[in-house]
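Visitor: Here's a sequence, model it:
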Amino acid sequence: MILDEKIAHGDVIVLDGATGTEIERLGAKMDSAAWCAVANMNHPEKVRQVHESYMRAGADVITTNTFATCRHVLAGAGLDSDTVAINQQAVTLARNARDTVAPSRPVAIAGSMSNTVAWQPGFISPDPRFIPTERQEIANYREMANTLADSGVDLLILEMMLDIEHASRALEAAVETGLPVWVGVSCSLEDNGAVVGWDLATQGRIAADHAPPLPLPLDEIIDALQNVGGDVFGIMHSTLGATTPGLQVLCDRWTGPIMAYPETMRSAQPQADQTDRLPTPGFLDIGRVSPESFAEACRGWVEQGVQIIGGCCGATIEHIQAMVGRLPAQVGDRLPVG
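Guide: Residues are numbered from 1 along each chain as shown. So this is what the prediction gives:
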């Protein structure tokens, strides 16, 4: 893989920042069920602009706009028949951006996969009309992984893994392609200090009448997913405050390369009369972590052994620029075990 030498030498590898929220910030209309997936077809120039901007900011890895493009997610937007074309288009946009901005620089294209589902309008809650059966879910993940691989991504990156059952199915499909697989696990801090898989209730991002799943201990999730496969593990789409203890749990259980890419959004549960004007279904944005604070946190994690570093939801081009300016060239010693 294009970054194998850098990984082996202990060089710091810069991931991009948010894809969906940056596309949205540029004015692309989001879909209530499939969020940013529709932008590959409706706003391809904005998707490509985001990729190009991250590479100019110093990213070594750009992530395809495919977080929400699995067949059962696109079904919620009435686009399931276009699943393969939308995923192919996402990879084409990323490859064209790389050819334009970094034709001679080793920039990897990561094919994003998640186990998200079609959302009910206004909430981050599954739409029961589009929840797949186990057999359908497995087939859909395989279709997506193979489409991304055949379209020319350099690796697959699994994002927002927060359980065992569904995450394992997505991971199995990714591993079967033979490409390198990077696994991003999301976590939250409970009131008692426990580190768990990303908890919608803790994050305040789910309506009161839509019961969230019970969160699992993070160590159980990591152990289970390691048994399936993966070349890199990391903590992503987690607050700055949850990322550090999440990384500690991960370092206790994983000896391979570590990545981190936190979210930078601060949010609160919306009131009922606010739902229609939320920028993202179910989110009420009440501020963001500054680029300077984000960069300082990332520098600290790299000094403690994180090799692959970037940002997730809310992390802008400015966040990645600030981060790149503060990063050391080499990874520091790993976080102490235990």
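
Visitor: contacting residues around residue 171?
Guide: Applying Cβ atoms under 8 Å, 6 or more residues apart in numbering to residue 171 gives the contacts 158, 161, 181, 183, 225, 228-230. For the C-beta atoms, the positions are set from N, CA and C on the backbone; glycine is no exception.

Visitor: just residue 22 next, same as before
Guide: 50, 53, 316-317 are the contacts of residue 22 under Cβ under 8 Å, 6+ apart.

Visitor: distance of residue 104 from residue 257?
Guide: Going from residue 104 to residue 257 by Cβ to Cβ, to the nearest Å gives 25 Å.

Visitor: who's more crowded, these two?
Guide: Between residue 104 and residue 257, counted using other Cβ atoms under 10 Å, the more crowded position is residue 257 (19 against 5).

Visitor: State the pLDDT value of the more buried one.
Guide: pLDDT recorded at residue 257 is 97.

Visitor: where does it fall, phi/psi-wise?
Guide: With angles defined as degrees, to the nearest 10, residue 257 sits at phi -60, psi 140.

Visitor: Test my guess that it contacts residue 6.
Guide: No - assessed by Cβ atoms under 8 Å, residue 257 is found out of contact with residue 6, at 10.3 Å.

Visitor: Buried residues in stretch 102-110, which are they?
Guide: Within stretch 102-110, the residues that qualify as buried are 102, 107-110, counting by 16 or more other Cβ atoms under 10 Å.

Visitor: Figure out how far it is from the centre of its chain.
Guide: Distance, stretch centre to chain centre, for stretch 102-110: 19 Å (Cα atoms, centre = their mean, to the nearest Å).

Visitor: The residue most central in space within the chain and residue 115: what is the separation?
Guide: Nearest residue to the geometric centre of the chain (Cα atoms, centre = their mean): residue 159, 3.8 Å. For residue 159, the distance to residue 115 equals 9 Å [Cβ to Cβ].

Visitor: related to what we said a few turns ago, wait, the residue nearest to the centre of the chain sits on residue 237?
Guide: Yes - shown here, residue 159 and residue 237 form a contact pair, counting by Cβ under 8 Å, at 6.8 Å.

Visitor: Quick check: neighbours shared by the two?
Guide: Counting by Cβ under 8 Å, 6+ apart, the residues touching both residue 159 and residue 237 are 184, 312.

Visitor: Run through the strands of the stretch 51-200 of the chain in chain order.
Guide: Ranges of strands within the stretch 51-200 of the chain are 61-63, 108-114, 155-161, 181-185, 187-189, 195-197, based on DSSP state E, counting those that start in this stretch.
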